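**Q** Task: produce atomic coordinates for the following.
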Amino acid sequence: MGQDHVHIHKHQVEGKNLYYSIVLNVVITLAQIVGGIISNSLALISDALHNFSDVLSLVFSLVAHKLSRRKASLDQTFGFKRAELLAAFVNAATLIIVACILVYGAIERLINPHPIESTLVIWLALLGIVVNGLSVILLKKDADHNLNMKSAYLHLLTDMMASVAVLVGGLLMKFYGWFWVDSVMTILIAIYLIVVGSDLIIKSTKMLMLFTPDNIDIKAIVREVHKIEGVNKLHHIHVWHLNEEELHLEAHLDCSEDIKMSEFNDLLFKVEEVLFHQFGINHINIQPEFKKEDPKDYIVQD
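**A** Numbering: from 1, shown residues only. Have a look, this model is predicted:
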């Protein structure tokens with residue numbers, strides 16, 4: 001049975017940036033809650049609620065990040081490498097839940113409108129833009145390489161956009177008296193949250209369910225491996241993400257000749273090179289066979 005001999009360079013995620021973002025979001029959450037109550041602005045309170053969900057998601061992401069770095073053991077042979085996928089899934093779900101709560105509150109406010117202190121709304125919206133913008137900058141680089149960090153990043157990015165929407169609404173209320181804009185902006189914020197949350201929850205669910213990655217073509221893998229001299233048929237194939245850094249493949253390899261194990265090692269190395277360089281698969285587990293009586297389909301239900 002073969003094991004991987006190649007590894008993909010890993011981007012080192014900076015967990016310390018999560019600490020800074022948590023502190024910044026606690027500050028803005030408290031400020032917006034107080035300001036929302038004083039100004040009677042639902043959009044501001046909704047922004048604060050989203051910020052609070054940011055704090056929870058950032059804490060969850062930080063815990064998952066720490067867990068994912070723990071070493072494997074006899075009881076956890078993969079360690080906690082999938083913790084960040086779970087965090088991404090939960091964070092995406094909270095985005096959608098928060099959005100639904102915001103829509104309900106906005107519709108209720110449209111039916112029963114209230115006067116709003118727009119000046120306070122404007123200043124706190126500006127504060128939200130600055131704080132969330134700084135947090136977005138802190139996490140941007142890590143978000144490009146890690147789904148957990150991307151979930152935290154999206155929480156912050158959408159909240160910054162929400163603050164922009166609140167600012168626009170505050171200006172319209174101040175200069176035109178359009179208090180209904182507060183509820184409309186809240187609904188638009190919620191719709192955007194649902195869109196980005198749904199995309200993230202689909203991606204994390206696919207990884208948690210061990211689905212074949214979207215960028216992997218099983219038939220293309222088979223075609224390339226079958227070009228290698230000594231290979232008869234690759235079958236019983238599974239390809240999945242353990243986490244975003246580790247792409248695994250396990251399969252049975254039926255050899256064309258009854259070769260020695262040392263010769264199979266050479267054959268396996270050629271297979272590993274093809275799978276790594278052409279498909280980015282960096283953890284490979286191959287079961288060697290020769291004329292074994294079993295199904296030879298690419299995909300076999302175990």
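**Q** what about the stretch 1-150 of the chain, any weak spots by pLDDT?
**A** When residues are selected by pLDDT under 70, those of the stretch 1-150 of the chain lie in 1-15, 43, 46-47, 50.
**Q** mind listing the helices for it?
**A** Chain-ordered helices for the stretch 1-150 of the chain, with DSSP state H, counting those that start in this stretch as the definition, fall at 16-39, 42-68, 83-111, 118-143, 147-176.
**Q** Any idea how far the last one is from the middle of the chain?
**A** In this case it means helix 147-176. Computed by C-alpha atoms, centre = their mean, to the nearest Å, the chain-centroid distance of helix 147-176 equals 20 Å.
**Q** what packs against that helix?
**A** Contact partners of helix 147-176 among helices and strands, from 3 or more C-beta pairs under 8 Å, 6 or more residues apart in numbering; DSSP states H and E: helix 16-39, helix 42-68, helix 83-111, helix 118-143, helix 180-208. C-betas here are computed from N, CA, C, even on glycine.
**Q** How about the third one?
**A** For helix 83-111, the packing partners by 3+ C-beta pairs under 8 Å, 6+ apart come out as helix 42-68, helix 147-176, helix 180-208.
**Q** Same question for it: list its buried residues.
**A** 83-92, 94-96, 98-99, 102-103, 105-106, 109 (16 or more other C-beta atoms under 10 Å).
**Q** Equivalent analysis for the last one, please.
**A** Along helix 147-176, these residues count as buried under the neighbour rule (16+ other C-beta under 10 Å): 147-173.
**Q** do the first one as well
**A** When neighbours are counted by 16+ other C-beta under 10 Å, the buried residues of helix 16-39 are found to be 17-18, 21-22, 24-26, 28-29, 31-33, 35-36, 39.
**Q** That one packs against which elements?
**A** Counting by 3+ C-beta pairs under 8 Å, 6+ apart, the elements that helix 16-39 packs against turn out to be helix 42-68, helix 118-143, helix 147-176.
**Q** now for the shortest one, which elements pack on it?
**A** Packing partners of helix 118-143 (3+ C-beta pairs under 8 Å, 6+ apart): helix 16-39, helix 42-68, helix 147-176.
**Q** Residue 252 looks like it's in a strand, true?
**A** Yes: when the secondary structure is assigned by DSSP: H, G, I helix; E, B strand; the rest coil, residue 252 falls within a strand.
**Q** Now it. Nearest residue, chain neighbours left out?
**A** What sits nearest to residue 252 in space, not counting adjacent residues and going by C-beta to C-beta, 6 or more residues apart in numbering, is residue 236, at 4.2 Å.
**Q** picking that back up, dump the helices and strands packed on helix 83-111 to a markdown table, plus distance to residue 251.
**A** A markdown table is the format used below for those (distance: least, C-beta to C-beta, whole Å):
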| stretch | distance to residue 251 |
| --- | --- |
| helix 42-68 | 26 |
| helix 147-176 | 25 |
| helix 180-208 | 20 |
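**Q** Those helices: which one's closest to residue 138?
**A** Each of the helices and strands packed on helix 83-111 was scored for nearness to residue 138 using C-beta to C-beta, and the closest is helix 147-176 (8.6 Å).
**Q** between the closest one and helix 42-68, what angle do the directions make?
**A** 170 degrees (axes from the mean of the first three to the mean of the last three C-alpha atoms, to 10 degrees).
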